[in-house]
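Visitor: how does the following fold in three dimensions:
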Amino acid sequence: MSTNNDKQNALALDEVGDNAIESKETEGLSQGKIVLRKFLRHKGAMISIVVLVLVAIFAFSAQGFAGIPGWWKFSHTASGPVVNPGGAPTWSFANFFSLGDHPFGQDEIGRDNFARVMKGTQISLVVMFIIGIVCLIIGTVIGAVAGYYRGWVDSVLMRITDGFVILPVIVVGSILGVLVGGANGPLLGVALGCILWVGLARLVRGDFMSLREREFVDSARVAGASDFRIMFKHMLPNAMGVIIVNTTLIMSQAIVLEASLSYLGFGIKPPGISLGQLISEYQTSFATRPWLFWWPGLFIIVIALCVNFIGDGLRDAFDPRMKTIPSWRKMKKAERMAQKEAK
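Guide: Okay, the predicted model is just below:
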C-alpha cells in the first residue's frame, strides 16, 4: 500500500516539476510566441515543412509556372527517342550523382517522366491549397455565424451542414470532377472545397458558442461594437487554433481525394496532368515499367505525410493540454535556476 502511495507521490512531484519548467520557459511571453515556440520545437513538423517547401520549389521551378520558364530541359508534353531499353531511368543508386537526361525514366512514346511528375506535383499542390482556402473561408464563416447568433440561424445553417455531411464525398466529387474538372485544376479545387468544409464549420460553431459567453465579448457589445466586428475582430483570433489545425488536416485529405478522383478518371484529365492522373495513365505499366507508377505515388505519399505532420505540430502547439517530457538538460537547468533563486 505504501509503495503505491510513494509512486503516486513521485508522479505528482514529476508533474509539478514539468509544469514549473514550462512556466519558467514561457514566463513573460505572449500566447502567440508560446504557440510559435512549441511549434518550432516539433521536429516532425519542422522536417515536414522543409521537405514540403523543397518539393514545391523543385516542382514549380523545374517546369515553370504562370508563363515563367523552368530550368529542366524537357517539357512534360514533348516526346523524343527512348534512351534506355524500355525507357528505364538514367539515374540509379549505383551512379547516384549522375542524373542523366531522364532520371525518372521515359514512357512508351519517349516523354520524360521527371518533367511529367514535376508538372503533376504542381497541379496537385495548387488543387490542395485551393481546397484548403475554400474550406477555410466557407467553414469559418458558416461556423462563426451559426455559433454567434444561435437560435433559428444556427438551426438553418446546421441543417444545411447536415445535408452536406450525408453526401458521399467520392460520389459528389466524381460528379463535380466531370462537370468542372478536365484540364482545369483550380476550378476542380474550388468545386471540391465547396463540399469539404462541413467538419471545420461544426468545430468553429462549437468554439464560437463557448466564446460567446466570455467577458470580453460582453464588453465589446456594451462598447457598441457591431456583430461583424465582435465575430471577426474579437472572437475569431481566439478560435484560430482550431481553424488552422483542421484546415491543414483537410488539405492532407484533399490531395488524396484529388489523386483518387483523377485515378478513377473523374478529376484532372489529359491534356491536364496531376499525380493521380499519372498513376491512372500508367497503371498498366506497373509490371513492365514500374518507375512510371512509383514516382507519382511516392510524391503523393510524401506530400500527404508532410501536411499531416505539420497539422500534428500545430495541434500540439495550440493545445495547452499537450505536455512534453523535459530533457535531462532542461531538468538540470531548472535545478540551477531554483538554486540561484534560493540564494
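Visitor: which residues in this structure form strands?
Guide: With DSSP state E as the definition, the chain shows no strands.
Visitor: buried residues, stretch 40-59. List them.
Guide: Using 16 or more other C-beta atoms under 10 Å as the burial criterion, the residues of stretch 40-59 that qualify are 42, 45, 48, 49, 52, 55, 59. C-beta here means a position set from N, CA and C on the backbone, and glycine is covered the same way.
Visitor: tell me where the model's unsure across the stretch 51-200 of the chain.
Guide: Applying pLDDT under 70 to the stretch 51-200 of the chain flags residues 92-98, 181-183.
Visitor: if you set the cut-off to 80 instead, what comes out?
Guide: Low-confidence segments of the stretch 51-200 of the chain, defined by pLDDT under 80: 66-67, 74, 76-102, 180-185.
Visitor: before we move on, the earlier item: switch the buried residues of stretch 40-59 over to JSON lines; also include distance to residue 306.
Guide: Shown next, in JSON lines, are the buried residues of stretch 40-59 (distance: C-beta to C-beta, whole Å):
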{"residue": "42", "distance to residue 306": "13"}
{"residue": "45", "distance to residue 306": "9"}
{"residue": "48", "distance to residue 306": "4"}
{"residue": "49", "distance to residue 306": "8"}
{"residue": "52", "distance to residue 306": "4"}
{"residue": "55", "distance to residue 306": "8"}
{"residue": "59", "distance to residue 306": "13"}
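Visitor: so how far is stretch 75-95 from its chain's centroid?
Guide: Going by C-alpha atoms, centre = their mean, to the nearest Å, the spacing between the C-alpha centre of stretch 75-95 and its chain's C-alpha centre is 32 Å.
Visitor: how about that stretch: buried residues?
Guide: If you call a residue buried by 16+ other C-beta under 10 Å, then stretch 75-95 has these buried ones: 75, 76, 82, 83, 87, 89, 90, 91.
Visitor: just give me the closest of the residues you listed to residue 185.
Guide: Of all the buried residues of stretch 75-95, residue 185 sits closest to residue 76, with 13.7 Å by C-beta to C-beta.
Visitor: need the phi and psi values for that closest one.
Guide: phi -70, psi -10 (degrees, to the nearest 10).
Visitor: residue contacts, the closest residue to residue 116 other than its chain neighbours?
Guide: Nearest residue to residue 116, sequence neighbours excluded (C-beta to C-beta, 6 or more residues apart in numbering): residue 76, at 4.6 Å. With contacts defined as C-beta atoms under 8 Å, 6 or more residues apart in numbering, the neighbours of residue 76 are 63, 111, 112, 115, 116, 118, 119, 120, 273.
Visitor: re the thing from before, Throw the buried residues of stretch 75-95 into CSV and include distance to residue 289, thanks.
Guide: Conversion of the buried residues of stretch 75-95 to CSV gives the following (distance: C-beta to C-beta, whole Å):
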residue, distance to residue 289
75, 20
76, 17
82, 11
83, 14
87, 6
89, 10
90, 14
91, 15
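Visitor: ok, these vs residue 335, which is closest?
Guide: residue 91 (52.7 Å).
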